[in-house]
Each structure stands twice: as structure tokens, then as C-alpha cells.
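**Student:** Starting from these lines, generate the structure:
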Amino acid sequence: MSKARYGYGWLLKWILAAILLAVGLTVLFNKEIVFFITGVILVIFSIFRVVPLLKSLNKEVLRTLNLIEVIFGVILGVIMIYVGVNALKNDGEITSTLSLVYKYTLVFVLAFRAIIFLYSVTFLEEKTEQPKFWFHLALFAAASMIVVLKDFDETWVAYLLLIISIAGSAYLGYDGFGGYKKYREYSKALNDGKVKTKQVEKELPETNQPIVEKEEDERPYIS
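**Tutor:** Numbers count the residues shown, from 1 in each chain. From the prediction side, this is the model:
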């Protein structure tokens, strides 16, 4: 029996792709889950980056501003999770008031993140890369667009999550296909006897030195 050369990572990727696609479709038909997912994203994004972020900032005012953003993110995330769980318990009842609250919560989160970043770069001399600068400008533009759109609600985010889930599942499925192809190629080569196993033989070290036999001293002992 040959030792496994290729693992089963491709199988895990296919399972994750199916789960991701199922979540995207579930969100589309159950809008209350959008509140729950949004809240989880806010909490994870806030908590997981707080320690590295605060340790890497070299000014107290920067640390204070980012800590305030983290606190707001956690609070709003917990509120979103609470609303989502209650909506699930009440058979998915989402009122127009909750949709309006969701809309402006999203606006606040996006705009606040963009404002803090741009303020830090412009007035507090925080150095950054160009992609991050344009990304935060895009966040501010997205927040402004959401305010202008009167019919914006959690349905828009549900479609966005569906698009992300389809793209992610497609990537995982394609990557898993490549891993499975290599796995089957190796299995075929193994059955055809084309896989060479390496055998390491331990040999005794050779020496050219002559073996010297110890001769007995036949000389008489003189006292």
C-alpha cells in the first residue's frame, strides 16, 4: 500500500462551495438573514483587527479614533444580530422601520470608516498605499449613493451577497477541480505501476585502513 501523496483538500473545497452557494440562495429568499450576516460581519471585522490596529498606530489620536470606530462597529453589529434573530423567530417579519434603520446603519458604517481613514491620511500624516486610498473614496461614494436611493433596503445587500457567494463557490469549485484532477492522475499512475518509490539503503561506511591485529608480547618479563 502506497502512502497518500495527494490529500483531500479538493473535497473540502467542493463542500465549502456548496455551502457558500446555499447560504447565498437562502439569504435571497429570507431577507431577515441579511441583518444577522451584516451583524456578524461587523462584529468580526471590529474585534479581529482591534489589537493589530491599535499596536501599529503611532499616534494617540489615531488610536482613539479607530477605537471609537471599533466600539461603534461592535454595538451596531450586536444590534443587527439581535434584530435578525428576532425576525427569524417571528417568521421573517421585517417592518419598513427596520429596513430604514438597516439602510442608515450601513450608511453610517461605510461613511464613518471612509471619513476616519481620509482624515488620518490628510491631517494626521498617516501613510498609506494608493489602492487603500481609492477604496475608501469608493466607500464614501457608496454611502452617498445609498442615501440618495429611496428604495434601498436589505434586498440590495441580499443580491450582493448572492453575487459574492456565486463568485466564491465558483472559485472554490474550480480550484477543487484542479486538485481532484491531480489526485486522479496520481491514482492512475499508481495503478499502472508508474509511480517510483524511493528506497534509501543504509550502507556501512567503507574504510581503506588496514586492520591491525594486536599481537601478544612474547618477550620474557624481567624483574
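**Student:** Leaving out chain neighbours, which residue sits closest to residue 79?
**Tutor:** Spatially, and ignoring its direct neighbours in sequence, residue 79 is nearest to residue 39 (7.1 Å; CB to CB, 6 or more residues apart in numbering). The way it works is simple: take the backbone N, C-alpha and C, and place the C-beta from them, glycine included.
**Student:** before we move on, what about residue 101?
**Tutor:** Once flanking residues are discounted, residue 101 sits nearest to residue 83: 7.9 Å by CB to CB, 6+ apart.
**Student:** I'd say that neighbour and residue 98 touch.
**Tutor:** Yes: Residue 83 is within contact range of residue 98, at 6.2 Å (criterion: CB atoms under 8 Å).
**Student:** Find residues that contact each of those two.
**Tutor:** Residues touching both residue 83 and residue 98 by CB atoms under 8 Å, 6 or more residues apart in numbering: residue 35.
**Student:** List the buried residues for the longest helix anywhere in the chain?
**Tutor:** Scanning the chain for the longest helix, with DSSP state H as the assignment, gives helix 154-191. Buried positions in helix 154-191, judged by neighbour count with 16 or more other CB atoms under 10 Å: 154, 157-158, 161-162, 165, 168-169, 172-173, 176, 179-180, 183, 186.
**Student:** out of the residues you listed, which one sits closest to residue 109?
**Tutor:** residue 157 (11.9 Å; CB to CB).
**Student:** Run a quick neighbour tally on the residue lying closest to the closest one once chain neighbours are set aside.
**Tutor:** Nearest non-adjacent residue to residue 157, counting by CB to CB, 6+ apart: residue 34, 5.2 Å away. Each residue near residue 34 was counted by other CB atoms under 10 Å, and the total is 26.
**Student:** tell me which element residue 34 falls in.
**Tutor:** Using DSSP states H and E, residue 34 sits within helix 32-56.
**Student:** residues contacting the residue nearest to residue 157?
**Tutor:** Neighbour list for residue 34: 27, 84, 102, 154, 157, 158, 161 [criterion: CB under 8 Å, 6+ apart].
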